[in-house]
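Peer 1: next one to model:
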Amino acid sequence: PLDGALRVVTGAAGADALPLRRPAHVVEFAPPHNMAIGEETPWGIGTPLTDLVPDTTVARYAEGEAPADPTAGAAGRPVVLVVRDLHRHDWMRAAVSRGLAARPDAVVVELGVPELVTGAVHVATHGATRAAARAAVELLTGAR
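Peer 2: Numbering: from 1, shown residues only. Presented below is the predicted three-dimensional model:
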């Protein structure tokens with residue numbers, strides 16, 4: 001399954017900026033849970049990236065929680081903004097826009113339907129599965 005997921009993410013826009021050269025600050029914008037994706041479903045790249053690169057830092061925001069500058073905790077690290085179904089959530093688009101305004105070099109990872117391509121470096125996985133997250137992490141780190 002990981003090989004298939006890797007084939008899906010290889011079309012990353014701006015991929016020449018990858019792999020990341022040092023531990024990143026990951027900002028995950030978590031959409032609401034639904035019938036298909038419950039609270040118990042693992043989501044995001046923060047955990048698998050931290051497993052691979054232990055000094056990675058992670059912040060996760062739900063609707064109404066994202067600060068004015070969601071990248072503020074980056075402290076000179078590369079920034080990875082993680083979204084799912086960005087096209088469906090106005091609050092998420094606004095938060096990502098603020099993040100990209102503060103850090104235009106940020107990588108945007110879309111775990112879901114990539115209707116909107118944002119940022120200079122955009123990785124689309126076409127799914128939010130654990131395998132898709134791992135494939136994105138491997139692309140970000142050059143692990144594969």
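
Peer 1: low-confidence ranges, this protein, go.
Peer 2: Residues of the chain meeting the criterion pLDDT under 70: 1-16, 33-41.

Peer 1: all helices for it, in order.
Peer 2: With DSSP state H, the ranges of helices along the chain come out as 2-9, 46-52, 90-102, 130-141.

Peer 1: and the residue nearest the centre of this structure?
Peer 2: Most central in the chain under C-alpha atoms, centre = their mean is Val82, positioned 2.3 Å from the mean C-alpha point.

Peer 1: so who does it touch?
Peer 2: Val26, Val27, Glu28, Phe29, Gly44, Ile45, Gly46, Val108, Val109, Leu111 (C-beta atoms under 8 Å, 6 or more residues apart in numbering). Placement of C-beta: from N, CA and C, glycine included.

Peer 1: quick one: closest of the helices of the chain to Pro70.
Peer 2: The closest of these to Pro70 is helix 90-102. By C-beta to C-beta, the value is 4.6 Å.

Peer 1: on contacts alone, who are the packing partners of that closest one?
Peer 2: On a contact count with 3 or more C-beta pairs under 8 Å, 6 or more residues apart in numbering; DSSP states H and E, helix 90-102 meets strand 25-29, strand 79-83.

Peer 1: can I get those in CSV with distance to Thr129?
Peer 2: Converted to CSV, the helices and strands packed on helix 90-102 look like this (distance: least, C-beta to C-beta, whole Å):
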stretch, distance to Thr129
strand 25-29, 15
strand 79-83, 14
